[in-house]
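In: Prediction below, plus the sequence it came from.
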Amino acid sequence: MDISLFDYDLPEHFIAQHPIEPRDASKLLHLERTSGRMTHRIFRDILDLLHAGDVLVLNNTRVIPARLLGVKEDTQGSAELLLLRQINDTDWLALVGGKGLSLGRVVLFPNSSVRAKILEERDGAQRIVRFNQPIDDILDQLGQMPLPPYIRSTLTDPTRYQTVYHQQSGSAAAPTAGLHFTPELLIALRDKGIKIAYCTLHIGLDTFQPVKVTNITEHQIHSEWAELDDYNAKLINSAKLAGKRIIAVGTTSARTLETAAILSAGGDPSDPYREENTCAWRPVTAFAANTRLFIYPSYRWRVVDALITNFHLPKSTLLMMISAFAGRETVLAAYEEAKVHAYRFFSFGDAMFIE
């Protein structure tokens, strides 16, 4: 499957540079995937599109201030670390920025006694780094919010790159579909009888790594930590068995749910396209593990009935996942419709509800 099938033209002025206020005032494109019918709404209208008994699944990850700016100890040249995943108290997987950040080099951080030594070189700019002390409790002072590179404006309020329901620290990027929810909207959804479940997926390397192969089936997706606990698994299973819908908020929640379903049926999430792994739905299982589930067209969906998502980058794994859910041509037609109606794209942009 050629990567060019997932390309589209997006002039720069469509890329949102600032979050909209209030959060739920963003635009919402409602896409019915079977018919291709589209209607234009405001995000808070999601209240009218969901039904009592539906389960809304939110990723409660919290973005850490994972961008650390420092200097190389020996040359005082600039160096940058983007923390992707914590390995133990002092060791992290990181992306590095700056020349010569090879094995053994040490990075210092201004106005701090913290030091980081490069222990291991991995693919591309990936490194294993070891800090001279645990940094969990001082990250807020040491680091900055890791905004995507296409956002060039300064974020004056770091909480706007967090969901209002974040709980579990560990993500290198926000689950952006969740940025549209306000506390008031969540209360209104509960009052309507919509159930809310939580999962966790800490977003890592693939948010920042482009797909570099021509045939997308050859792309090696990196693992990300995901978790679904027993309480939320039972909530989802009960609703599914009662014929209610499971609505994933964002591609990260969708990956977590589908991973749980594949594991429940004894399949392998790292290779869900093998015949023995293309199971029908079974009750999802609680789990806590890394997932390498890569969803692209031909994927057989097990759990997710509807999806809330933002508009994604051309040729990205996220666009491939959305195309697997609603059909590539239908999704690309919706993206063209969104441009006609001046929707805002990417992390701080507008949303889609696909059912």
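Out: In hand now; what should we look at? Residues are numbered from 1 along each chain as shown.

In: Residue 250 is in contact with residue 175, isn't it?
Out: Yes: counting by CB atoms under 8 Å, residue 250 does reach residue 175; the two are 4.6 Å apart. All C-beta atoms are positioned from the backbone trio N, CA, C, and that covers glycine.

In: Give me the common contacts of these two.
Out: Residues touching both residue 250 and residue 175 (CB atoms under 8 Å, 6 or more residues apart in numbering) are residue 59.

In: Residue 116 belongs to a strand, doesn't it?
Out: Yes: Residue 116: assigned to a strand according to DSSP: H, G, I helix; E, B strand; the rest coil.

In: Give the bridge partners for it, please.
Out: Under DSSP bridges, the beta-bridge partners of residue 116 are residue 107, residue 131.

In: Give me the domain ranges for this structure.
Out: Taking automatic domain parsing as the reference, the chain has its domains at 3-63+158-354, 67-142.

In: need the longest strand for this protein.
Out: strand 78-86 (DSSP state E).

In: Which elements pack onto that one?
Out: Strand 78-86 sits against strand 67-72, strand 91-97, with contacts defined as 3 or more CB pairs under 8 Å, 6 or more residues apart in numbering; DSSP states H and E.

In: And these: which comes nearest residue 159?
Out: If you check each of the helices and strands packed on strand 78-86 against residue 159 by CB to CB, strand 67-72 wins as the nearest, at 16.3 Å.

In: by contact count, what packs against that closest one?
Out: In this structure, strand 67-72 packs against strand 78-86, strand 106-108, with contacts taken as 3+ CB pairs under 8 Å, 6+ apart.

In: is it possible to export those strands to CSV including distance to residue 228, mean neighbour count and mean pLDDT?
Out: Converted to CSV, the helices and strands packed on strand 67-72 look like this (distance: least, CB to CB, whole Å; neighbours: other CB atoms under 10 Å; pLDDT from 0 to 100):
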stretch, distance to residue 228, mean neighbour count, mean pLDDT
strand 78-86, 19, 21, 94
strand 106-108, 36, 20, 97
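
In: Would you tell me which of these gets closest to residue 123?
Out: Across the helices and strands packed on strand 67-72, closest to residue 123 is strand 78-86 (CB to CB), at 12.2 Å.

In: Show me where the stretch 51-200 of the chain has its helices.
Out: Along the stretch 51-200 of the chain, the segments classed as helices by DSSP state H, counting those that start in this stretch run 139-142, 183-191.

In: need those in CSV with mean pLDDT, mean neighbour count and distance to residue 32, can you?
Out: Below are the helices of the stretch 51-200 of the chain laid out as CSV (pLDDT from 0 to 100; neighbours: other CB atoms under 10 Å; distance: least, CB to CB, whole Å):
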stretch, mean pLDDT, mean neighbour count, distance to residue 32
helix 139-142, 92, 14, 43
helix 183-191, 98, 14, 21
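
In: Redo those helices as CSV? Include distance to residue 52.
Out: Below are the helices of the stretch 51-200 of the chain laid out as CSV (distance: least, CB to CB, whole Å):
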stretch, distance to residue 52
helix 139-142, 40
helix 183-191, 10
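
In: how about the domains of the chain in JSON lines, adding distance to residue 149?
Out: Formatted as JSON lines, these follow (distance: least, CB to CB, whole Å):
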{"stretch": "domain 3-63+158-354", "distance to residue 149": "8"}
{"stretch": "domain 67-142", "distance to residue 149": "11"}
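
In: re the thing from before, and the longest strand of the chain, which strands flank it?
Out: Assessed with DSSP bridges, strand 78-86 is paired to strand 67-72 (antiparallel), strand 91-97 (antiparallel).

In: Between the two ends of stretch 58-75, how far is it?
Out: End-to-end distance of stretch 58-75: 45 Å, with CA to CA, to the nearest Å as the criterion.

In: Use 313 as the first number from now on
Out: OK, 313 is where the count begins now, so the last one is stretch 370-387.

In: The helices and strands packed on strand 379-384: which one's closest to residue 492?
Out: strand 390-398 (25.3 Å).

In: Pull the closest one out as PDB, backbone CA atoms only.
Out: Only the C-alpha atoms of strand 390-398 are listed here, as PDB (Å, rounded to 0.1, in the frame of the first residue of the first chain):
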ATOM      1  CA  SER A 390      23.600  23.700  22.500                       C
ATOM      2  CA  ALA A 391      21.900  20.400  23.100                       C
ATOM      3  CA  GLU A 392      18.300  19.400  23.400                       C
ATOM      4  CA  LEU A 393      16.700  16.300  24.900                       C
ATOM      5  CA  LEU A 394      13.100  15.300  24.200                       C
ATOM      6  CA  LEU A 395      12.200  12.600  26.800                       C
ATOM      7  CA  LEU A 396      10.100   9.900  25.200                       C
ATOM      8  CA  ARG A 397       9.900   7.100  27.900                       C
ATOM      9  CA  GLN A 398      11.200   6.600  31.400                       C
END
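
In: Please list the residues outside that strand that contact it.
Out: Strand 390-398 has contacts (CB under 8 Å, 6+ apart) with 376, 378-384, 404-410, 413, 419, 428, 438, 441, 448, 455, 458, 482, 484, 514, 516-517, 520, 536-537.
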